[in-house]
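Novice: with the sequence up front, the predicted model follows.
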Amino acid sequence: MLTLTPLLLVFPLAGFVILGLFGRLLPRVVVSTIGCGVIFLAFLVALGNFFALGSATSAGQMVSNEQIQWNWVTAGGLQIPFGLLVDHLSAIMMLVVTGVGLLIHVYSIGYMSEERPVAFARFFSFMNLFIFMMSLLVLANTFLFLLVGWAGVGLASFLLIGFWYTRPSAVAAAQKAFVINVIGDFGLMLAIFLMVGKFNTLNYSGTIFPHNGAAFSAGEMTTTAIALLLLVAAAAKSAQLPLHVWLPDAMEGPTPVSALIHAATMVTAGVYLVARSHVIFENAPIATIVLAVMGGASAFYAATSALFQYDIKRVLAYSTMSQLGYMFMGESVGADSAAIFHLMTHAFFKALLFMAAGGVIHALHGEQDMRKMGGLRSRLPITYWSFIVGGLALAGIIPFAGFWSKDAILSAILAQAQTQQSVGLYVLWLVGLVTAFLTGLYIFRLIFTVFHGEPRARFDHVHEVGTPMTAPMVILLVLATVGGFIGTPFADAFSAYLKPATTVFQDHLGGQSFATEIAAILVALAVGLAGIALAWRRYGRQPALFTTNTNPVYLLLAHAYYLDPLFNAAIAQPVLMLGRGLNTVIERWTLDGGSLGVAHVVNWLSRSLRRTETGYARNYALAIAFGAIVIVGAYIVAMSR
């Protein structure tokens, strides 16, 4: 089955090319069949790889499969092949990318049904491109081709966020996402340059990731620099502080795009990069500390920022940033398996939440302001229960999927804190608990505001969305409910599967007592329930009232700490001013001015010399005589010396 791995790239690429070239000529049913069909075929291949690796590992055989397609670069001793790496980490990632991606593609058939045929085909073409680039990023066997997929995902997100290109806000959001992600691309490029200098290779296998990290010296400066530059790339792609500002604005794209970015592609790339590079981070303690601080700060910042948002998709956007912070927190203590587990469960319930949000928006004819909603529970029952299940999973309530994966991360952090007697790790664990409380509060504030109480605006013909949209929601509802049982602390099949590919924190409390582990689980569960209870008391028991609030804390959180305008004033505007200044001084005055100056001089000389061409023989004879006199005079002067 592993020999079919190249088809994981071929299928979505073929869909992109076919729909891009001929989609406008095809009926909608053919476009949707091709767009969804190629992803379904890729999912079958990914499923086959997943089981093939699992059975091989159980039999004590190979634990990975690297397929070299051709040698891309040969320069002296440097060789960079193009190949595909199928190991347990990439197998799980590809299941998420193609599986959840397929459900989002199917959902898009209904959501984008009102688009013009040309736009409908263009949308599915770009979606296929997104899956292709993410697959290349995950399957690449070298950092060079990971970079190609990395930049390609940024391009695909730019095309899809700005899909409605007639809206200035969508174009601005697409540009913002592209620029911020280019910063991450640059960080990854610099890390690659350092890797070439240190290892003379970019292959994962071989000298970069040898067994036991033998090629690294713990804390060595170059290794630390590589890890920090990888963090720049991860922060930009996964929207972590301080490179997070593009993510809330990315909600300008169609809702299926938001679901794809937040659940199956794009933002998960940073978590994958850190997990793939775990050997580097294990030997760069400074970078690991930065990773922990970045993850914890991002989780708390995004959770507090989500508390007073009124755009239904913007709440979910900050939620994604917060949950990604959890994943980075787990990776900072070596619990890569727990982070990837949370990545998978998050894909289930976050795709579900975005689809449910899309159902609300679709039913209300494009309205996204929660202050104009309310009382939708009876009119949108499937959407309502999708939100309930997704919200419980997000808040980490047992037995839903998010409970098990979030608990794995928090337990790993607590275990490391107890083992190392680290105050910093205890603080990180407390940040995780506070964020869990805030998560339950903001997600059920959304649910109670949108679905409970009385309608706050009148919308005609409000009804449940059709089967192409509800069917994927129902599947994800089931996965968000039971998908976490493969990684419980009592039977952790997920970590066992992932163990050959990355670091695994199997004993959640590092051998601590069972009672301590149960207590930690109950504490995490209690804070999530407390958040939900507070949301019910404030928004569920009585109609939500939205009045002007001038409280400075409220304004600070509602405006996400004003970081976006601050960055715009402190970074974007100075860069624009510098660019305009350089354009004026160098481009206009120096380069353009210099070339235009030469042209003016030549033009003046030609005009002046043209006057000597009179056409009269006497003038030419006089000029010859004058020249002869000058020559004779010069000769006489020379001879006299």
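Specialist: Cool, got the structure. Numbering: from 1, shown residues only.
Novice: do you know the pLDDT at the residue nearest the centre of the chain?
Specialist: Closest to where the C-alpha atoms of the chain average out (Cα atoms, centre = their mean) is residue 267, at 2.3 Å. At residue 267, the pLDDT value in this model is 94.
Novice: any idea how many residues pack against the closest residue in space to it that isn't next to it in sequence?
Specialist: Leaving aside its sequence neighbours, residue 267 sits nearest to residue 238 (Cβ to Cβ, 6 or more residues apart in numbering; 4.9 Å). Yep, even glycine has a C-beta here, placed from its N, CA and C like the rest. Counted by other Cβ atoms under 10 Å, the residues lying close to residue 238 total 29.
Novice: just to check, residue 238 is in contact with residue 265?
Specialist: No - counting by Cβ atoms under 8 Å, residue 238 sits too far from residue 265 to count as a contact (11.4 Å).
Novice: show me what stretch 371-379 is in contact with.
Specialist: Contacts to stretch 371-379, defined as Cβ atoms under 8 Å, 6 or more residues apart in numbering, come from residues 310, 312, 360, 363-364, 367, 383-384, 449-457, 462-464, 543-544, 546.
Novice: mind redoing it with 10 Å?
Specialist: 310-312, 359-361, 363-364, 367, 383-385, 387-388, 446-459, 462-464, 543-546 (Cβ atoms under 10 Å, 6 or more residues apart in numbering).
Novice: which among those end up buried?
Specialist: 310, 312, 359-361, 363-364, 383-385, 387-388, 446-453, 456, 464, 544 (16 or more other Cβ atoms under 10 Å).
Novice: narrow these to those in helices?
Specialist: Taking DSSP state H, the ones among the buried ones among the contacts of stretch 371-379 that sit in helices are 312, 359-361, 363, 383-385, 387-388, 446-451.
Novice: least confident of those?
Specialist: Among these, residue 363 has the weakest pLDDT, 89.
Novice: does the nearest residue to that one once chain neighbours are set aside belong to a helix, a strand or coil?
Specialist: Sequence neighbours aside, residue 462 is the residue nearest to residue 363 in space, at 5.1 Å (criterion: Cβ to Cβ, 6+ apart). Following DSSP: H, G, I helix; E, B strand; the rest coil, we place residue 462 in the coil state.
Novice: need phi/psi at residue 462.
Specialist: Backbone torsions for residue 462, taken as degrees, to the nearest 10, come to phi -80, psi 120.
Novice: just residue 240 next, same as before
Specialist: Taking degrees, to the nearest 10 as the convention, residue 240 sits at phi -110, psi 160.
Novice: residues in contact with the closest residue in space to it that isn't next to it in sequence?
Specialist: Distance criterion Cβ to Cβ, 6+ apart; nearest residue to residue 240, sequence neighbours excluded, is residue 298 at 4.4 Å. Under the criterion of Cβ under 10 Å, 6+ apart, the neighbours of residue 298 are 235, 238-244, 321-326, 328-329, 435.
Novice: apply 7 Å and report the result again.
Specialist: Shown in contact with residue 298 (Cβ atoms under 7 Å, 6 or more residues apart in numbering): 240, 241, 244, 321, 324, 325.
Novice: how far does stretch 611-625 sit from its chain's centre?
Specialist: Relative to its chain's centre, stretch 611-625 lies at 77 Å (Cα atoms, centre = their mean, to the nearest Å).
Novice: can you list the low-confidence ranges for the stretch 451-600 of the chain?
Specialist: Applying pLDDT under 70 to the stretch 451-600 of the chain flags the ranges 503-516, 543-545.
Novice: the helices in it, which residues?
Specialist: 467-482, 493-498, 514-535, 552-558, 563-567, 573-582, 593-610 (DSSP state H, counting those that start in this stretch).
Novice: which outside residues touch stretch 41-53?
Specialist: Under Cβ under 7 Å, 6+ apart, the answer for stretch 41-53 is 1-2, 4-5, 7-8, 11-12, 86, 88, 91, 94-95, 98-99, 102.
Novice: which ones among those residues are found in helices?
Specialist: Secondary structure defined by DSSP H assigns 7, 8, 11, 12, 88, 91, 94, 95, 98, 99, 102 of the contacts of stretch 41-53 to helices.
Novice: closest one to residue 141 out of the contacts of stretch 41-53, please.
Specialist: residue 86 (9.3 Å; Cβ to Cβ).
Novice: OK, contacts around the closest one?
Specialist: Residue 86 neighbours (Cβ under 7 Å, 6+ apart): 2, 5, 49, 53, 64, 65.
Novice: same thing but 10 Å
Specialist: Contacts of residue 86 (Cβ under 10 Å, 6+ apart): 1-2, 5, 8, 46, 49-50, 52-53, 62, 64-67, 94, 138-139, 141.
Novice: grab the nearest non-local neighbour of it.
Specialist: The spatial neighbour of residue 86 that comes closest, neighbours along the chain excluded (Cβ to Cβ, 6+ apart), is residue 65 at 4.5 Å.
Novice: what helix or strand does that neighbour sit in?
Specialist: Using DSSP states H and E, residue 65 sits within strand 64-75.
Novice: what helices or strands is that strand leaning on?
Specialist: helix 28-58, strand 78-87, helix 88-111, helix 143-161 (3 or more Cβ pairs under 10 Å, 6 or more residues apart in numbering; DSSP states H and E).
Novice: need the contact partners of it.
Specialist: By Cβ under 10 Å, 6+ apart, strand 64-75 touches 1-3, 5-6, 49, 52-53, 56-57, 79-91, 139, 141-142, 144-145, 196, 202-205, 500-501.
Novice: angle of that strand against helix 28-58?
Specialist: If you take axes from the mean of the first three to the mean of the last three Cα atoms, to 10 degrees, strand 64-75 sits at 100 degrees to helix 28-58.
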